[in-house]
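Asker: Coordinates for the following, if possible.
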Amino acid sequence: MSITAPAGFVAAGGSAGIKAGGVPDVAVVATADGRPVPGAGVFTSNLAAAAPVQLSRSHLQATAGQVAGVVLTSGNANAATGHPGLEAATHLCTLTALGIGARPEQVLICQTGLIGIPFPIIEVGPNIRRIVGARAGGPESAAAAARAIMTTDTVPKEALVRAEGFTVGAMAKGAAMLAPNMATMLALCTTDAAVDAVTLQAALRLAVNASFNVMTVDGATSTNDTVLVLASGLGATPSSAALADALTEACTSLAGQMVADAEGATKVSHIRVVGAASDGAAHQAARKVADSMLVQCSLNGEDPYWGRVVSELGSAGV
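Answerer: Numbers count the residues shown, from 1 in each chain. Down below sits the predicted model:
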């Protein structure tokens, strides 16, 4: 059990017709009573941000970080789809809100899949209420939600962290276009920690910087990258550091699972830099080495030629 492990959350996953053959393609995670709770988000740095990213940013701003639920779809990124794409994302939030008893702006949306293809809202819309209505607590619902957001992933990605007096549950998808900031990835965390939206946002930013923003597979930053967190407030009130640590642990686990499941990958490497002038310089050096095609070829061929590492460090600009 992951996303529904923290007190106060329910989830569901099912097929709405985005993918052929009845493959699960929509997940919903919401508060158990449909009431909004503090929420936060970190989004792609890509300037061609997809409709769901634009809408979720807008909703968080409009509600001052009060969120009752999240709808996540897979199979169609709803990116580079213009105004019709934004209308489709808005309609999905509205349908989800009706099902959980919230306002549309209290629902966030994550979408992933192929870019530039119109979202099939006419086919998908009528199936959303059924999926929202199936939401429940427990491990089966959590697992169904995690499966429904997969695209080229070969396995679901989930994490669970039990801290002092509170819990963090998380799920994610991601297997390609993995590079900061962040990756072709969606991640959703829930926690029963009692915190406000401002504290939650700061903790999530720290967690993302220490996890998703320090991984890479192919150097590509997608249009839909989103990491969200909702806090029910039914647990203890942790310190800012304790909250950030728990979120970082969950996000780091998910990031590791993504890299391990990357398309065509057979190796996972960790680049550790010592002796740099600052953390920023260390990150810059590590990124140059990690993104080097020659270094990657050496590691893949199990011939770790250190000359290629030296060459990349020397051109890192630090």
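Asker: Any stretches of the protein with poor pLDDT?
Answerer: 1, 176-184, 218-222 (pLDDT under 70).
Asker: residue nearest the centroid of it?
Answerer: Nearest to the mean C-alpha position of the chain, counting by Cα atoms, centre = their mean, stands A187 at 1.8 Å.
Asker: Using the three-state scheme, assign that residue.
Answerer: Using DSSP: H, G, I helix; E, B strand; the rest coil, the three-state assignment for A187 comes out as strand.
Asker: thinking it is in contact with M215, fair?
Answerer: No - taking contacts as Cβ atoms under 8 Å, A187 lies outside contact range of M215: 11.9 Å. C-beta: built from backbone N, CA, C; applies to glycine.
Asker: Would you check how far apart A7 and V168 are?
Answerer: Counting by Cβ to Cβ, to the nearest Å, the gap from A7 to V168 is 12 Å.
Asker: Only C-alpha atoms, please: export stretch 237-247 in PDB.
Answerer: Taking Å, rounded to 0.1, in the frame of the first residue of the first chain, the C-alpha atoms of stretch 237-247 are listed here in PDB:
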ATOM      1  CA  THR A 237       2.900  18.200  12.900                       C
ATOM      2  CA  PRO A 238       6.500  17.500  11.800                       C
ATOM      3  CA  SER A 239       9.400  20.000  11.700                       C
ATOM      4  CA  SER A 240      10.100  21.400   8.300                       C
ATOM      5  CA  ALA A 241      13.300  19.400   8.100                       C
ATOM      6  CA  ALA A 242      11.500  16.100   9.100                       C
ATOM      7  CA  LEU A 243       8.800  16.700   6.400                       C
ATOM      8  CA  ALA A 244      11.400  17.500   3.700                       C
ATOM      9  CA  ASP A 245      13.500  14.400   4.700                       C
ATOM     10  CA  ALA A 246      10.400  12.100   4.400                       C
ATOM     11  CA  LEU A 247       9.400  13.500   1.100                       C
END
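Asker: Now G34: phi and psi?
Answerer: phi 80, psi 0 (degrees, to the nearest 10).
Asker: Actually, V37.
Answerer: Phi and psi for V37, reported as degrees, to the nearest 10, are phi -130, psi 170.
Asker: repeat for the one 4 residues further on
Answerer: Dihedral angles phi and psi of G41 (degrees, to the nearest 10) take the values phi -150, psi 150.
Asker: Tell me the secondary structure at the closest residue to it other than its chain neighbours.
Answerer: Spatial nearest neighbour of G41, excluding adjacent residues (Cβ to Cβ, 6 or more residues apart in numbering): L228 at 4.8 Å. Recorded secondary structure, L228: strand (three-state DSSP).
Asker: residues contacting L228?
Answerer: 39-41, 56, 67, 70, 108, 110, 187-189 (Cβ atoms under 8 Å, 6 or more residues apart in numbering).
Asker: quick check, nearest of the residues you listed to T90?
Answerer: Nearest to T90 out of the contacts of L228 is S56 (Cβ to Cβ; 11.1 Å).
Asker: for the residue nearest to that closest one when sequence neighbours are not counted, which residues make a bridge with it?
Answerer: Distance criterion Cβ to Cβ, 6+ apart; nearest residue to S56, sequence neighbours excluded, is L108 at 4.4 Å. Beta-bridge pairing for L108 (DSSP bridges): V70.
Asker: what's the spacing between L108 and S74?
Answerer: Separation of L108 from S74 (Cβ to Cβ): 16 Å.
Asker: ok, now P36?
Answerer: 25 Å.
Asker: show me where the stretch 1-150 of the chain has strands.
Answerer: 9-14, 26-31, 37-43, 66-67, 69-76, 107-114 (DSSP state E, counting those that start in this stretch).
Asker: pretty sure V124 is touching G17, no?
Answerer: Yes - in this structure, V124 is within contact of G17 by Cβ under 8 Å, at 5.4 Å.
Asker: So for the two, which residue has more residues nearby?
Answerer: Neighbour comparison, V124 and G17: the larger count goes to V124, with 23 against 17 (by other Cβ atoms under 10 Å).
Asker: tell me the contacts of G113?
Answerer: Counted by Cβ under 8 Å, 6+ apart, G113 has contacts 18, 73-78, 151.
Asker: got TSV for these, with distance to V132 and neighbour count too?
Answerer: What follows is the contacts of G113, written out as TSV (distance: Cβ to Cβ, whole Å; neighbours: other Cβ atoms under 10 Å):
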residue	distance to V132	neighbour count
I18	16	23
T73	13	29
S74	16	26
G75	18	26
N76	19	25
A77	22	25
N78	18	32
T151	21	19
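Asker: Going by distance to G317, which of the residues you listed wins?
Answerer: Within the contacts of G113, distances to G317 taken as Cβ to Cβ reach their minimum at A77, with 33.1 Å.
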